[in-house]
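S.K.: just a sequence and a predicted model for now, questions to come.
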Amino acid sequence: MRTRALIRMAIILSLAAPATEALAANADDFQAALAKAEAANKQAGAIKNQWTTTAGTLKAAQAAAAAGKFDDAVKLANDAEALANASIAQAKEQETAWTQAVVR
Amino acid sequence: MLRKIFIAIAIVVGAAQPLLADNAVDPKADFKAFRDYFTKRFPKVPLDDFVNGPYSMDADLRKQWKAIDEFPPYEFAVEKGKEMFATPFKNGKTYDDCFQNKGIGIRQNYPYFDAKSGQVITLDLALNQCREANGEKPFDYTKDEMAALTAYMAFTSRGKRFDIKISNDPRALAAYKIGGEYFYTRRGQLNFSCASCHVQSPGNHIRTEVLAPALGIVAALPIYRSEWGGMGTTSRRFTSCNSQVRGVPLKPEDEAYRNVEYFLSYMSNGLPISGPGARP
Amino acid sequence: MASTIRVRAVASGDSTEVQSLIQHPMDSGFVKDSKGQIIPAHHIEVVQFEHGGKTVFTAQWGPAVSKDPYLKFSFKGAKKGDDLKVSWVDNKGASDSLVAKIQ
């Protein structure tokens, strides 16, 4: 009887554990996301086209991580990476697009 | 006969080069196109009036400006600048020694392309170069001291017409071209270029401000802004424009900024210095 | 040290138009500096104009007036060559005054 209860418990616990891991981000996930975002923003810096909002979002990501809110922190880091990439795309596009605006 | 044909082809191809070569820089043509664009768009604005920025675009704003100008808010900065200009450095020399005509009435000659150093020299840069050559620490390009000095120098040059030269030196032409490129390039998360506001939308509002036309816009620098509660330098204006479109600004007097100033000043050739300006 | 007060008074017929520009930070006491610290209130409380021993204009300024305030007003009863005295007192007890000739 007791063995069956124990087996039942074990099955329930083993099913529960993986689901929890998939939802919650941890400090490592944040560091990975942050590294990607910072690398992208550094690239934008090299072509002198960073956005102020990228830096702001990175800061917010750090703050969330410091408060232990890793889900938020990862999301913000991903947002920052997207902003940095958008600023790089803007610079690349503008390399030729600027001539369209010239007063002729 | 064949030789004549070859020569004829060569001449035709040679003549067609400027049309084919997108990279050919033609400041004179750009100047004319720029000038015509603004005079055609604003036929009622006298040419010289473009240097008054938003006041040439909005009658009500102009009235307010005329009232303020009876007792200009920049008087204190100009006086401070005059005092600073006359104060000798620790080595006994003064700013006089660094400039033509003792620094009086010369604002309209800046920026210029310096062949020796291969870069554009703005008035602000020249002032700090003067300081450093005489053993003094350079001023922060965005703060009050530089603002006061340049305000005084602009004031002594009021009415004198921009006389910016672009020689055939390919480096000068390149600097001019890069300046133009910066001016027309979109930047920041808001994706605006300088042209978005000052070529496409002069006279229109951006929030509560009336936008100034790019033609003559540098003639009023430095500017006393009511918003700043004080006199602000060219660098302050450029860097804050960048951050206002959510773009991280360059360092003050960065080469790109100096090239933009070179480009805009050349485009304003013949227009009178109206600085230091008073703006909302 | 130069005066903080600039004044120009021009008599025209019976009326004298006065303009003044006063150099003063006029800190409201509500603004924070870059470090997040409140910049203490430092502003003119009262500015006064006197002619012939009488006060012809008084303004009670305070935190709402911005830096380097400009003022313009007209009054009757003065003529060219008369003295016009301008004085101010601020919330720290500092003051300045100037006597100008009406033009």
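M.R.: Nice, thanks for sending it over. Only a predicted model underlies this, so the values are computations on that prediction, with no experimental measurement involved.
S.K.: residue boundaries of the helices in chain B?
M.R.: Counting by DSSP state H, chain B has helices at residues B:2-20, B:27-41, B:59-69, B:75-86, B:123-133, B:144-156, B:170-184, B:194-198, B:234-244, B:255-267.
S.K.: looking at those, spot the one closest to C:Arg6.
M.R.: Minimum separation from C:Arg6 across the helices of chain B (C-beta to C-beta) falls at helix B:75-86, 6.6 Å. For the C-beta atoms, the positions are set from N, CA and C on the backbone; glycine is no exception.
S.K.: so what sits opposite C:Val7 in the bridge?
M.R.: Taking DSSP bridges as the rule, C:Val7 bridges to C:Ser20.
S.K.: got the helices of chain B as a markdown table, with distance to C:Ser28 columns?
M.R.: Formatted as a markdown table, the helices of chain B follow (distance: least, C-beta to C-beta, whole Å):
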| stretch | distance to C:Ser28 |
| --- | --- |
| helix B:2-20 | 59 |
| helix B:27-41 | 40 |
| helix B:59-69 | 21 |
| helix B:75-86 | 20 |
| helix B:123-133 | 31 |
| helix B:144-156 | 20 |
| helix B:170-184 | 38 |
| helix B:194-198 | 31 |
| helix B:234-244 | 22 |
| helix B:255-267 | 33 |
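S.K.: for chain A, which residues score under the pLDDT cut-off?
M.R.: A:1-3, A:5-7, A:9-22 (pLDDT under 70).
S.K.: residue in it nearest to chain C?
M.R.: Residue of chain A nearest chain C, by C-beta to the nearest C-beta: A:Lys59 (15.6 Å).
S.K.: any idea how far chain C is from the residue in the stretch 1-150 of chain B that chain A sits nearest to?
M.R.: Closest contact between the stretch 1-150 of chain B and chain A, by C-beta to the nearest C-beta, is at B:Tyr37 (4.7 Å). According to C-beta to the nearest C-beta, to the nearest Å, B:Tyr37 stands 37 Å off from chain C.
S.K.: confidence score at that residue?
M.R.: We note a pLDDT of 98 for B:Tyr37 in this prediction.
S.K.: so who does it touch?
M.R.: Contact partners of B:Tyr37, counting by C-beta atoms under 8 Å, 6 or more residues apart in numbering or on different chains, are A:Val103, B:Val199.
S.K.: isn't C:Ser20 up against B:Phe71?
M.R.: Yes. The criterion here is C-beta atoms under 8 Å, and C:Ser20 meets it with B:Phe71 at 7.5 Å.
S.K.: which neighbours do those two have in common?
M.R.: C:Arg6, C:Arg8, C:Tyr70, C:Lys72.
S.K.: next, count neighbours for the third one.
M.R.: Applying the criterion other C-beta atoms under 10 Å in any protein chain shown, we find 17 residues in the vicinity of C:Tyr70.
S.K.: report the contact partners of the closest residue to it other than its chain neighbours.
M.R.: Excluding its sequence neighbours, the residue lying closest to C:Tyr70 (C-beta to C-beta, 6 or more residues apart in numbering or on different chains) is C:Leu21, at 5.1 Å. Neighbouring residues of C:Leu21 by C-beta under 8 Å, 6+ apart: B:Phe71, B:Pro73, B:Glu75, C:Ile5, C:Arg6, C:Val7, C:Asp68, C:Pro69, C:Tyr70, C:Leu71.
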